[in-house]
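**Student:** missing the sequence, but the structure's below:
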């Protein structure tokens, strides 16, 4: 059973945005708006479902949030499967980064700099302030405009369809961050970096990197520069501000190098395999290099070769976790699958890293593959009860419940999954199926009817 904080167990009651009684969204209104917009973004953008990648970005983001002044604990970090270099922030602490940004970062410090900058946009409430001068805008229109602005950065035809009529231009002008917003986000972001023990020079370093990649050419300009304009003055200002900090800061990590290798392997496994095969000059003990090669081999179905590539290497700075998960992935992807070998690895990791998304999600997949559906549901519920940021686990739980013949719970879990992705009509359909399931109990029925009423309200508002 999901936690009380489940979005289908608590409705939202937002006043009209721009109501004269409040020139600024209150923090609680901004949180509620953010949760609703998060579902719209999950519905619209090609978000990564890879638990290893998501777990790393979430951990890095939360480390930075914990070092940010006045930050609330409810930030959510998303990864968009897009090779373009971009990042965005939304109301309520929703931060998105492209896989292309990870690929372009030269080290963990540069990636942390971008995330810290986006966190600062949220903590300084730049988006909430953008509504302060707005005329009367209701929730549905505000969501459509915001979703359109975000989506248009990735798929213009989707974004334009989501923006409402003649209001779009004026609203977009208000949402776009001003130069003062960017300077403030740079200043606060640099402070967050230093407090989190990252080199503050990573921020001006990343800005310089963006200008190098653009070369001043129109179409070559990274998307990040279109949404976060960088000038020589801005680089100088951020460099001077970073110079005010001194200390023994970290710049990179083995974990980042592993994640970078994973992103490249998932995006283009054939290229990674080809480069590894042709380039014999690299360190044969380079854990990140061999890890990326193994992930690429798994993507191409060459699981025996992947297991061989993972033999005899060990990592540091938490890299052993990635190597062990990769071994489990290879066993699960083998033909025939070897779920027992995967479970031996994952049961050990689950003891060491309980309620850790990459471990939990992979473990649940292996349990389902091995036929232990009861245990799969128990493990999934262990994380879902504490964290609503793992909607893919809901789909896995639904699968396990269905295989156990628990159809009411299966449909209820799928309803939650669709709700997280803003698919309210399908949410209602799944809840209706739960209500007609033969194994429906009075307790589950009460829960399902409550969720159905909330889902209908969202469906009516769309």
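**Tutor:** Structure's in. What do you need? What you see is a predicted model, and the numbers here were worked out from it, not measured in a lab.
**Student:** Return the distance of residue 267 relative to residue 100.
**Tutor:** 9 Å (Cβ to Cβ, to the nearest Å). Just so you know, the C-beta spots here come from the backbone N, C-alpha and C atoms, and that holds for glycine as well.
**Student:** quick one: which of those two has more around it?
**Tutor:** Neighbours were counted for residue 267 and for residue 100 using other Cβ atoms under 10 Å; residue 100 has more, 21 against 16.
**Student:** quick one: what helix or strand has that one in it?
**Tutor:** In this assignment (DSSP states H and E), residue 100 forms part of helix 99-104.
**Student:** and the protein, what are its domains?
**Tutor:** 7-242, 253-337 (automatic domain parsing).
**Student:** quick one: common contacting residues for residue 267 and residue 100?
**Tutor:** residue 83 (Cβ atoms under 8 Å, 6 or more residues apart in numbering).
**Student:** For stretch 367-377, which residues meet the burial criterion?
**Tutor:** Under the neighbour-count criterion of 16 or more other Cβ atoms under 10 Å, stretch 367-377 has 367-370, 372-373, 375-377 buried.
**Student:** what do you get for stretch 287-307?
**Tutor:** 287-299, 302-303, 305-307.
**Student:** hmm, who's touching that stretch?
**Tutor:** Contacts for stretch 287-307 (Cβ under 8 Å, 6+ apart): 254, 257-258, 260-262, 264-266, 269-270, 272-273, 276, 282-284, 309-310, 313-316, 319, 322-323, 326-327, 329-331, 333-335.
**Student:** could you redo the last one with a cut-off of 6 Å?
**Tutor:** Stretch 287-307 is contacted from outside by 257-258, 261-262, 264-265, 269, 272-273, 276, 282, 309-310, 313, 315, 319, 326, 329-330, 333-334, using Cβ atoms under 6 Å, 6 or more residues apart in numbering.
**Student:** gap between it and the chain center?
**Tutor:** 24 Å (Cα atoms, centre = their mean, to the nearest Å).
**Student:** average model confidence for it?
**Tutor:** When pLDDT is averaged along stretch 287-307, the result is 96.
**Student:** repeat for stretch 71-91
**Tutor:** Stretch 71-91 comes out at a mean pLDDT of 89.
**Student:** Stretch 399-412 now?
**Tutor:** 98.
**Student:** before we move on, back to that, the domains of the chain: which one's closest to residue 415?
**Tutor:** Comparing the domains of the chain by their distance to residue 415 (Cβ to Cβ), the top pick is domain 7-242, with 6.9 Å.
**Student:** so where is this structure shaky, pLDDT-wise?
**Tutor:** Applying pLDDT under 70 to the chain picks out residues 1-25, 128, 130-177, 215-221, 223, 226-227, 281-285, 315-318, 386-388, 461-462.
**Student:** spatially speaking, which residue is in the middle of it?
**Tutor:** residue 78 (1.7 Å; Cα atoms, centre = their mean).
**Student:** Tell me if I am right that it is in a strand.
**Tutor:** Yes. Counting by DSSP: H, G, I helix; E, B strand; the rest coil, residue 78 is located in a strand.
**Student:** Spatially, what comes nearest to it if we skip its sequence neighbours?
**Tutor:** residue 96 (4.3 Å; Cβ to Cβ, 6 or more residues apart in numbering).
**Student:** and if you look at residue 354?
**Tutor:** residue 382 (7.4 Å).
**Student:** count of residues packed around that neighbour?
**Tutor:** 16.
**Student:** does it sit in a helix, a strand or a coil?
**Tutor:** What three-state DSSP gives for residue 382 is helix.
**Student:** can you give me how far the longest helix along the chain is from the chain middle?
**Tutor:** For the chain, the helix reaching the highest residue count under DSSP state H is reported as helix 442-461. Helix 442-461 sits 27 Å away from the centroid of its parent chain (Cα atoms, centre = their mean).
**Student:** what packs against that helix?
**Tutor:** helix 424-435 (3 or more Cβ pairs under 6 Å, 6 or more residues apart in numbering; DSSP states H and E).
**Student:** Report the angle between the helix or strand containing residue 54 and strand 76-80.
**Tutor:** Per DSSP H and E: residue 54 is located in helix 51-65. Helix 51-65 runs at 140 degrees relative to strand 76-80, counting by axes from the mean of the first three to the mean of the last three Cα atoms, to 10 degrees.
**Student:** can you map out the strands along this protein?
**Tutor:** 76-80, 87-90, 94-98 (DSSP state E).
**Student:** Looking at those, which is nearest to residue 232?
**Tutor:** Closest among the strands of the chain, using Cβ to Cβ: strand 87-90, at 21.4 Å.
**Student:** circling back: so which of the strands of the chain gets nearest residue 233?
**Tutor:** That would be strand 87-90 among the strands of the chain, by Cβ to Cβ, at 21.3 Å.
**Student:** For the closest residue to residue 83 other than its chain neighbours, which residues are in contact?
**Tutor:** Leaving aside its chain neighbours, residue 83 sits nearest to residue 100 (4.2 Å; criterion: Cβ to Cβ, 6+ apart). By Cβ under 6 Å, 6+ apart, residue 100 lies in contact with 82-85.
**Student:** Now do the end-to-end distance for stretch 246-264.
**Tutor:** 34 Å (Cα to Cα, to the nearest Å).
**Student:** Can you point out the buried residues in that stretch?
**Tutor:** 249, 251-264.
**Student:** With stretch 82-93 instead?
**Tutor:** Per 16+ other Cβ under 10 Å, stretch 82-93 contains these buried residues: 82, 84-93.
**Student:** who touches that stretch?
**Tutor:** By Cβ under 6 Å, 6+ apart, stretch 82-93 touches 30-31, 33-34, 37, 74-75, 95-98, 100-101, 104, 114, 118, 121-122, 127, 150, 154, 222-224.
**Student:** Thanks a lot, see you next time.
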